[in-house]
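Visitor: my questions concern the predicted model and sequence given below.
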Amino acid sequence: MIKKILFLYLFISLLLPKVVFGKELIRDAEIEETLKIITEPLIKNTKIDKENFKILVINDSSMNAFVTSGHNIFIHYGLIAKLETVEQLQSVIAHEIAHIIGGHYIQRISDFDRAQTVAGIGMALSAAAGLATGDTNVVIGLAAGTQSASKRAFLKNTRTQEASADQTGIKLMAEANINPNAALEVLKIFKGQEFLTAKRQDPYIQTHPLNSQRISSIDKSLKSLNYTIKPRDKNLDYLFQRMRAKFIGFTGKPNSILRISNFKNNKELTTYTRAIAYHRMPDFKLAKLEIENLLKIKPDDPYYNELKAQFLLENGNVEESIKYYKRALELEPNQFLLKIGYARALNAIGEYKTSISLLKEIYTKDPNNSRLLRELAIAYSNIGETGWASLLTAERYALYGKFKNAMLHAKRVLGTSTHGSIVWLKAEDLVLEIENIVN
């Protein structure tokens, strides 16, 4: 068993930082920035590495949030959409930060053998990845093919861990002068679900055991906690509701969205959801009209400019989309996710060398992005650098656990690239590791 863990550790160490989330993750510049702003007061006085800390959103309509390793928290978009206030979301995040502070994910390493049994190689690789790097970006991508029940078993916290995280979480809220009673509000959303069958429960209940004693304990602690609640930050509330509006726009049924007369009594957010809904129908004419209305309200909003660029690009108006991507980047020059969209547009007009220059810079900062790998492979392929294009494609397949396809592309690199070159050596390493893992 030790030999197996060590091998998996070495495998992931060699493969990283190429691991990606793919379809399991929603990577969006506005959403990630909003979550960062919402979380800042909670981690301000902790020892958490703020530079490497991330909150990432899983493309899942059910309600759940969890920590697996390192300093990353995962939240299903369904949970964010369900919560009503920014304080409720902060309470969920505070609870997960408490799991990080308590080192609860480390205790799951002892469950490694069970993970191999119940979930096979996918979850084993995921756990090894967390061991090797502390980067939970690995976990969702590699576990994507495993059974959801197995994932829940591996991620489940004990009642002792939950009690500890509850107490630390509400203290973090109080220290940040955020209303800790929001923690009770969130638990009451799930109250009663423990009596349902596993099939009908939200995953949150299965990874966070809930019982009346836990709620009573939090209630008792809240009464003895000394804290001062700051007036609600209207900007945080706005950002939270705007994020929810975006999720609803992109995940709800367009016709239902368009029947909503006024999202949260806010004209801007109503226009936001309607613009997205029309785009998804698709009705480009009406989508364009709504996004232009948004830009009249906030012409210097980088994410509204990005949204218009996306609408234009996906409707074939590539040249015009570039104008809005450039404007978005003028307003938010350090947002690498905006740059990936811009590179996608550059690829569409044949500006492959410019795209490569842009994406290579991003690749060193955030290589765990499937869109980046795809666009970079496209650009390399179109300038005749087929070796690099095949390698990036191979890595992307490998990181989804599609080893057969990965091997095909990696061997193509070995057969067409100069022996001993960087791309050849990287492909050889990938082939050897895949052979070891599947044989």
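Guide: Nice, thanks for sending it over.
Visitor: surely residue 57 is in a helix?
Guide: No. Judged by DSSP: H, G, I helix; E, B strand; the rest coil, residue 57 forms no part of a helix; its state is strand.
Visitor: okay, now it: neighbour count?
Guide: Using other C-beta atoms under 10 Å, residue 57 is surrounded by 24 other residues. (C-beta placed from N, C-alpha, C; glycine too.)
Visitor: from residue 174, how far out is the closest residue to it other than its chain neighbours?
Guide: Spatial nearest neighbour of residue 57, chain neighbours left out: residue 26 (4.5 Å); criterion: C-beta to C-beta, 6 or more residues apart in numbering. Using C-beta to C-beta, to the nearest Å, residue 26 is found at 31 Å from residue 174.
Visitor: show me where the stretch 251-400 of the chain has its helices.
Guide: 254-259, 267-280, 284-297, 302-314, 318-331, 336-348, 352-363, 370-382, 386-399 (DSSP state H, counting those that start in this stretch).
Visitor: in PDB, could you pull the C-alpha coordinates for the third one?
Guide: Coordinates of the C-alpha atoms in helix 284-297 are reproduced here as PDB (Å, rounded to 0.1, in the frame of the first residue of the first chain):
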ATOM      1  CA  PHE A 284     -28.800  37.600 -30.200                       C
ATOM      2  CA  LYS A 285     -30.800  40.700 -31.100                       C
ATOM      3  CA  LEU A 286     -32.500  40.900 -27.700                       C
ATOM      4  CA  ALA A 287     -29.400  39.800 -25.800                       C
ATOM      5  CA  LYS A 288     -27.400  42.600 -27.400                       C
ATOM      6  CA  LEU A 289     -30.100  45.100 -26.500                       C
ATOM      7  CA  GLU A 290     -30.100  44.100 -22.900                       C
ATOM      8  CA  ILE A 291     -26.300  44.100 -22.600                       C
ATOM      9  CA  GLU A 292     -26.200  47.500 -24.100                       C
ATOM     10  CA  ASN A 293     -28.700  48.600 -21.500                       C
ATOM     11  CA  LEU A 294     -26.300  47.300 -18.900                       C
ATOM     12  CA  LEU A 295     -23.400  49.200 -20.400                       C
ATOM     13  CA  LYS A 296     -25.500  52.400 -20.200                       C
ATOM     14  CA  ILE A 297     -25.800  51.800 -16.500                       C
END
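Visitor: quick one: that helix to helix 318-331, angle?
Guide: Helix 284-297 and helix 318-331 are oriented at 20 degrees to each other (axes from the mean of the first three to the mean of the last three C-alpha atoms, to 10 degrees).
Visitor: buried stuff in helix 284-297?
Guide: 284, 286-288, 290-291, 293-295 (16 or more other C-beta atoms under 10 Å).
Visitor: neighbouring contacts of it?
Guide: For helix 284-297, contacts defined as C-beta atoms under 8 Å, 6 or more residues apart in numbering pick out 267-268, 271-272, 274-276, 278-279, 281, 301, 304-305, 307-308, 311, 315.
Visitor: does residue 167 touch residue 220 like I think?
Guide: No. Under the criterion of C-beta atoms under 8 Å, residue 167 makes no contact with residue 220, lying 10.4 Å away.
Visitor: more neighbours: which of those two?
Guide: residue 167 (16 against 10).
Visitor: for that one, which non-adjacent residue is spatially closest?
Guide: Excluding its sequence neighbours, the residue lying closest to residue 167 (C-beta to C-beta, 6+ apart) is residue 221, at 6.1 Å.
Visitor: the one you found - how many residues pack around it?
Guide: Neighbour tally, residue 221, other C-beta under 10 Å: 16.
Visitor: what's the answer for the one 4 residues further on, then?
Guide: Counted with other C-beta under 10 Å, the neighbours of residue 225 add up to 14.
Visitor: what's residue 314 in contact with, if anything?
Guide: residue 279.
Visitor: that one and residue 36, how far apart?
Guide: Distance from residue 314 to residue 36, by C-beta to C-beta: 27 Å.
Visitor: quickly find the element holding residue 407.
Guide: helix 403-416 (DSSP states H and E).
Visitor: which strands or helices does that helix pack on?
Guide: helix 386-399, helix 422-438 (3 or more C-beta pairs under 8 Å, 6 or more residues apart in numbering; DSSP states H and E).
Visitor: for that helix, which outside residues touch it?
Guide: Identification of contacts with helix 403-416 by C-beta under 8 Å, 6+ apart yields 386-387, 390-391, 393-398, 423-424, 426-428, 430-431, 434-435, 437-438.
Visitor: change it to 10 Å
Guide: 121, 377, 386-400, 402, 421, 423-435, 437-438 (C-beta atoms under 10 Å, 6 or more residues apart in numbering).
Visitor: ChimeraX command for the buried members of those?
Guide: Of the contacts of helix 403-416, the buried ones can be selected in ChimeraX as follows, counting by 16+ other C-beta under 10 Å:
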select :121,377,386,387,388,389,390,391,392,393,394,395,396,397,398,399,400,423,424,426,427,428,430,431,433,434,437
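Visitor: would you list the helices and strands packed on helix 403-416 in a markdown table and tack on distance to residue 84?
Guide: Listed next are the helices and strands packed on helix 403-416 as a markdown table, based on distance: least, C-beta to C-beta, whole Å:
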| stretch | distance to residue 84 |
| --- | --- |
| helix 386-399 | 36 |
| helix 422-438 | 45 |
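Visitor: using CSV, lay out those helices together with mean pLDDT and distance to residue 85.
Guide: Conversion of the helices and strands packed on helix 403-416 to CSV gives the following (pLDDT from 0 to 100; distance: least, C-beta to C-beta, whole Å):
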stretch, mean pLDDT, distance to residue 85
helix 386-399, 89, 37
helix 422-438, 88, 45
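Visitor: ok, which of the ones you listed comes nearest residue 56?
Guide: Nearest to residue 56 among the helices and strands packed on helix 403-416 is helix 386-399; the distance by C-beta to C-beta comes to 15.5 Å.
Visitor: next, the angle helix 370-382 makes with that closest one.
Guide: Using the same axes, to 10 degrees: helix 386-399 against helix 370-382 is 150 degrees.
Visitor: quick one: low-confidence parts of the stretch 301-439 of the chain?
Guide: 368, 399, 439 (pLDDT under 70).
Visitor: and what of the stretch 51-200 of the chain?
Guide: Along the stretch 51-200 of the chain, segments meeting pLDDT under 70 span 68-70, 104-157, 192-200.
Visitor: lovely, talk soon.
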